[in-house]
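> coordinates only, sequence not included:
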């Protein structure tokens, strides 16, 4: 059986198919093509929710996104908060309930897919109403690349809500033909259910396409639920229509109170009668269409209450013919009813004064206070608005390059005008792009419409209820009233922004779509200033709310951020490595054996490297090929030390500073030829250092003949480390004499392995005898395997970054970014030896001479040995003076510095740390304290090199 | 009349629905006088707070606050209202902790319900270096008397159950620093509270009054030219975050700040789900749930200089990805509104406060994203500075000449987390 | 999200570029001869112009070339881009803004 | 050629690529020798020495023997060869340009090629590529260095129909990009297995 308020025929719904849904626990039926709101209205249900502060009933007050009343929570198929019943398309199995202004998030992750697509067009048309369709057709016929997006489920815009005719046929026939024509144009993208929600620079418009929401549980899981279209348009035609606005009066929030145009939409588009007995309250001619259409559909229209002294003389005859009582010069002053309007209180209105009133019984009160052009996208694109006294609305106030507003969004409110204006907008856009409009871009003929009677701009009806405006709602979602605005002004506020913030008007889900202009108008009225001076609050994106996940798109889970891996990654995974994130890289941190924790694994790995042989995947180190006759000059300028004196075949460690003299990176440099260097950077510094070099070369020293090329992924780097490394490397690369004499520390040699070029370098980041093996990653797995095989007799042990850190810390080698923090100079690190005194200048040199750099109390890198030989000082711990009584004084406690690196050492058989300590080198031999979990741990300050200070081992 | 109709669904009263009542009078609409002992340029949080403390602590009331637009309509109206003092360096935690102590008594001091909520702030660590930096900051905070704890992931989950602490995400949460006394407040109400007190003390709050120039006499500024006429000044204080350089350019003072767009956003109102404040540097988002129930979020600054009070949307998209990654339950929360402010970034991410080459002009700028949380602290310290004509010890380290000596207060590498 | 016209690759999305701050601030010829104040000016102080601003950009994800641009920091609109070896465009009136005068 | 075992970063993706529909085929093109050439200005001498006219129009590539010459910058190109070993290519190019003030760097393993073919290729790429890939704009001979998802790539249009594109990506990002492409292609897969 059909629900009681469903018409017998008509509407854009599929009457042959019934869908079942549950609202507030009640099982109801509707049809495909319904919205949740229209289906509820078909059952006679207006009240959807209660208001947030006052708990007053809230009903469906509009037919689309401007509705300030019908907030719902969807529960099935997946919980989604704060949707409007008017924009939720009905599907089988929908479960929803009304919301008191606050939604509920699901407590399980959303498994739906979301994505984004870039699209480029000559002309983007937003809105597929009469103006938008006309614009799209005009642009398409000219051969332009066109996108047409529209937020509704089907094209037609306002034509879906009425009975207009074009070319002597129902207008929707023209709509269908237009859609078909666009579909036949290969360069046209036409998207419905797609809301352009943000308009940015250079024709960039973001639109959200709801791809599968209307399918409910039947939505395919491998297709994105919602898609963000990133449309880059050379020109934009905004044909977004207009929102009807209400007039404010006492108790104007009672369910059954609705915008007049919405009732017409529910009737014609959805086949729903929003009531049986209606009162229509208007200030303009448009609501007469609703009154007459409802009357024809069988609704008893009790009266048309027109605030204008004469009403609409032009429509009077039609009303009389339909038996509708016309009450010109009258207003609705209030309503009666419990959870639904039962009476409208109507009173004569002249010169702003309200006379004695009477109650007219009704279950539907329709209101029209005029139309607000939907200027959101225009305003977001930084177009200035101007207030139009006649329409009582803000209109585009200036022309923008690349963005045209057309149709009722520009204040054109008649059908013929909208069609013509859409075509005008498109032609202007095409002309600006140098595209010739087609000779034949005929538009259908709209019947001649008579000139309407001028609307009356009426923001509010004086409150005669005695409530002093406290039930005259301006923002229904925020429960904000005329009284609240008056109170804000009474408190001294003058700016519309202050009024908004004081009253919270316009901050709710609808972002003031209906309340914004009313607030400007009422504020101006109360202040006695023109509305233009009050202005409006800023229109901010998005136009309608957009789910976080839709904006996150596919950048979630494993695609949230790229994982960079080396050529040996699969081997590391198979070997059971535990990984560490270093920038975007995944690096093996350690390789636990069964039953081992990190400490045990690291002690084992360290011991192998110190006593036998270990092997590391060091491929993430940044590598830069620096070539050209002036390569050495460039490096001399960028490193603190001298690189031009480096011999071909040799390697030098270098430090790089910023212009402020603080260390930014370090690494080794291999001189490959007179005019060619291979520069190694830290893993995290690779991109930064290349950019740094390019910046100086390009912007400051373009005369230098040098080129820098990233070769980070061109070489895997495999340090083979430990006293037995020579045996291993010698066995795998018999072509090289690996003896200390023939291949000394800090030199490199080229060789090959079965025809594949290999480079070996005597570089040690561990203090042990070590060889770094460089090879094209195509052969990484093969070479790694050969090294493991050759090392097996020596117990070769792969080790990770944790062991690498321990080994280097034992040697006092700093890690940039761990032992430094952007406030540390080479001198602070004890690396004065790496700062050239010969070079007249290099980047950072001048800053070393600043007063603060001469401070003897600068923090310097030193070693710390916990006196108890037990405690591993947590990295990050603060260092304080030694306190004889072992008690911390009350805060603030002066701090000397902090622990930057701290490990258990197999070699030292005790924990040790590196720390930046105020005047640290002067304190060597002293004892300081480190607060750890509430106790003070004494630690001896030492030099930073704790293992093999003479360097005998690495020299092998 | 049917006020208070029954809830159709039997839902309990909406949490956060009842915002406090505002006073009947906030401030007078004033015409500027011809001259004032003190002219504060900029009617934002800092300017208004300075005015309040000038009157309250020092009895100085011949003061004008000049605002080019509407009071507190700049960064004050646009920020995400996080209040904390867990900065690394002594100098920074000094001024911010001073501010936090004032925040703790501010509701009483102002007699205004500023919705100060000490719900704590978590700074998440996602990498081993994050952990080191976090522990370093926590330990420094403790020694400086600032409440701070290091939390392991399971403790993070207890404080904020909706944070994704699983280990199989791209950048797992390795722990967090936690400052329980940190929190949020309602930005507008804070500004209005200061404004009302200043107004009550007889201080003139002059809106729509843009400073267009200065009149000088040797090393002194004698007054300001404004869109509402010339105003004489005994002392001038520049508190115009977002437009400091415009003013200092007029005075020929060079200040090492760059103004960048910083964006923020809110969701619609949601049932309470997020009980604290969470900030993540590596995954790059910060979020709290304000009193009414909206999620308030922000991220990093846009890269280029900009005075446009708007930024690029890709920054928002990246922020949403980070939010959903860290808080999977946010997936179907909706972005309701985005906006932008202007942050003045200094080379060491610390403010610049103190004397200028003009002997009666004080500078207060470069707060980056820290301005809101410092509001009462800097207001009182600036008022002290003006009253004694000598920088308050808490602001002394932030003088302009540190860029010459090199004695920076570099919060970049150290604090890890901005905002 | 703006389009930035790389002098070589043409218009690309803003995300492809790295901002380099004020343009035409040369590295001092002889840093050693500068006073601490002069050196600090080079290291830390850059103009923070509201309005037309000559600044540096790098097309990082494209051709990796640095170039200069004149951009309005209020509207963000690029007035011109030019290569490093091009002279700085003469200071003219603020170029055509996004707004034209006719409504 | 070497007898040493060779591996490439996308070995583990083979099965998943094979399951893609004909409308989006992904073929890995590993082990292609590539050299980064820096040279300015380009003249007849360079063309003669290199055996190819290096393209001077930004965003283009040309065939070069058994490989390609791709514009990377006003003084930078990528030369590829499917017949030479990396070190041979580098040596040859270096010899050709060194005397002209140019440089040559072996970058064979720096990037790996993924060839995308099929009617849906453009639909996949536009999910993460902001440049205009319309065949009228990005036809055969076009190239672009840009972002695809969050990976820097070099795109080469190999056909005029937008259905044949070579994507060169940094080797360390190859796994990410492969995952990204498979995910983007999912909606065009008739029987998705996820």
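Now that the structure is in, tell me what you want to look at. Everything quoted here is computed from the prediction, not taken from an experiment.

> measure stretch D:54-72 end to end?
11 Å (CA to CA, to the nearest Å).

> Can you give the domain ranges for chain D?
Per the record, chain D has its domains at D:12-30+D:110-188, D:33-106, by automatic domain parsing.

> Any part of the first one near chain B?
No: with CB under 8 Å from any CB of the partner chain as the threshold, domain D:12-30+D:110-188 lies outside contact range of chain B, at a closest distance of 9.5 Å. Using the backbone N, CA and C atoms, a C-beta is placed for each residue, glycine as well.

> Where in chain D is the helix or strand with the lowest mean pLDDT?
In chain D, the helix or strand scored least confidently by mean pLDDT, DSSP states H and E is helix D:44-50, which has a mean of 90.

> Show me which residues of the helix or strand following that one are buried.
Using DSSP states H and E, the helix or strand that follows helix D:44-50 in sequence is strand D:61-64. Buried residues in strand D:61-64, counted by 16 or more other CB atoms under 10 Å in any protein chain shown: D:61, D:62, D:64.

> Mind putting those residues into TSV with pLDDT and distance to chain A?
Formatted as TSV, these follow (pLDDT from 0 to 100; distance: CB to the nearest CB, whole Å):
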residue	pLDDT	distance to chain A
D:61	98	19
D:62	98	21
D:64	95	19
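
> Can you classify residue D:124 as helix, strand or coil?
Here residue D:124 is recorded as helix under DSSP: H, G, I helix; E, B strand; the rest coil.

> Quick check: it vs residue D:30, distance?
21 Å (CB to CB, to the nearest Å).

> neighbour count winner among the two?
Neighbours around residue D:124 and residue D:30, counted as other CB atoms under 10 Å in any protein chain shown, are more numerous at residue D:124. The numbers are 26 against 18.

> Contact partners for the more buried one?
D:24, D:116, D:181, D:184, D:185, D:188 (CB atoms under 8 Å, 6 or more residues apart in numbering or on different chains).

> Excluding residues flanking it in the chain, which one is nearest it?
Spatial nearest neighbour of residue D:124, excluding adjacent residues (CB to CB, 6 or more residues apart in numbering or on different chains): residue D:184 at 4.6 Å.

> I'd assumed residue D:127 was in contact with that neighbour.
Yes: using CB atoms under 8 Å, residue D:184 makes contact with residue D:127 at a distance of 4.6 Å.

> Identify the contacts common to those two.
Here residue D:184 and residue D:127 have A:115, A:554 as joint contacts, going by CB under 8 Å, 6+ apart.

> before we move on, the earlier item: for residue A:596, which of the domains of chain D is the nearest?
Set against residue A:596 and scored by CB to CB, these come closest in domain D:12-30+D:110-188, at 27.2 Å.

> Tell me where the stretch 251-400 of chain B has helices.
B:313-326, B:371-388 (DSSP state H, counting those that start in this stretch).

> Kindly report the same for chain C.
Along chain C, the stretches classed as helices by DSSP state H are C:36-44.

> Report the central residue of it.
residue C:55 (1.5 Å; CA atoms, centre = their mean).

> Following the chain onward from the helix or strand hosting residue A:38, which element is next?
Element membership for residue A:38 (DSSP H and E) is helix A:36-42. Later in the chain than helix A:36-42, the nearest helix or strand by DSSP H and E is strand A:47-50.

> do that following strand and chain B meet at all?
Yes: using CB under 8 Å from any CB, strand A:47-50 reaches chain B at A:47, A:49, A:50.

> Ends of stretch A:144-164, what's the gap?
For stretch A:144-164, the end-to-end distance is 29 Å (CA to CA).

> give me the number of residues near residue D:86?
Look at residue D:86: counted by other CB under 10 Å, it has 22 neighbours.

> I misspoke; the intended subject was residue D:95.
Neighbourhood size, residue D:95 [other CB under 10 Å]: 12.

> Whichever residue of chain C sits closest to chain D - nearest residue in space that isn't next to it in sequence?
At 4.0 Å from chain D, residue C:63 is the closest residue in chain C, using CB to the nearest CB. If you skip the residues right next to it in sequence, residue C:63 has residue D:73 as its closest partner in space, 4.0 Å away by CB to CB, 6+ apart.

> what's the one you found in contact with, if anything?
Neighbouring residues of residue D:73 by CB under 8 Å, 6+ apart: C:8, C:63, C:64, C:65.

> make it 10 Å
C:8, C:9, C:59, C:62, C:63, C:64, C:65, D:36, D:38, D:40, D:58, D:145 (CB atoms under 10 Å, 6 or more residues apart in numbering or on different chains).

> try residue A:662
So residue A:662 contacts A:820-826, A:828, A:844, A:847, B:406, B:408, B:410, B:413 (CB under 10 Å, 6+ apart).

> can you rerun that using 7 Å?
A:822, A:823, A:824, A:825 (CB atoms under 7 Å, 6 or more residues apart in numbering or on different chains).

> how close does the first one sit to chain B?
Spelled out, it's residue A:822. 4 Å (CB to the nearest CB, to the nearest Å).

> Run a quick neighbour tally on residue 84.
Defaulting to chain A. Here the number of neighbours of residue A:84 (other CB under 10 Å) works out to 26.

> Let me rephrase: I mean chain C.
Residue C:84 - counted by other CB under 10 Å - has 15 other residues nearby.

> List the contacts of residue B:258.
For residue B:258, the contacting residues are B:305, B:345, C:46, C:48, by CB under 7 Å, 6+ apart.

> for those residues, which one is nearest residue A:887?
residue B:345 (41.4 Å).

> Provide a list of residues in contact with residue 72.
Since no chain was named, I'll use chain A. Contacts of residue A:72 by CB under 7 Å, 6+ apart are A:36, A:48, A:83, A:85, A:88, A:96, A:97, A:98, A:99.

> Can you look at chain D instead?
C:63, D:78, D:145.

> how about the residues of the stretch 301-450 of chain A that lie near chain B?
Proximity of the stretch 301-450 of chain A to chain B, by CB under 7 Å from any CB of the partner chain, involves residues A:338, A:339.

> Now do the residue of the stretch 301-450 of chain A at minimum distance from chain B against chain C, distance only.
Nearest residue of the stretch 301-450 of chain A to chain B: residue A:338, at 5.3 Å (CB to the nearest CB). According to CB to the nearest CB, residue A:338 stands 49 Å off from chain C.

> how many neighbours does that residue have?
Residue A:338, neighbours per other CB under 10 Å, totals 13.

> any idea of the pLDDT on it?
For residue A:338, the pLDDT comes out at 88.

> Quick check: the residue nearest to the centre of chain C touching residue C:25?
No: taking contacts as CB atoms under 7 Å, residue C:55 lies outside contact range of residue C:25: 10.2 Å.

> any idea which element residue A:863 lies in?
With DSSP H and E as criterion, residue A:863 is part of strand A:859-866.

> Quick check: can you name the pairing partners of that strand and their directions?
Strand A:859-866 pairs in its sheet with strand A:910-918 (antiparallel), strand A:935-942 (antiparallel), by DSSP bridges.

> List the buried residues for the shortest one?
The neighbour-count check on strand A:935-942 (16+ other CB under 10 Å) flags A:936, A:937, A:938, A:939, A:940, A:941, A:942 as buried.

> Which residue, other than its chain neighbours, is closest to the third one?
Excluding its sequence neighbours, the residue lying closest to residue A:938 (CB to CB, 6+ apart) is residue A:867, at 4.3 Å.

> Under a three-state scheme, what state does the residue most central in space within chain A occupy?
Residue closest to the mean C-alpha point of chain A, counted by CA atoms, centre = their mean, is residue A:551 at 5.6 Å. What three-state DSSP gives for residue A:551 is helix.
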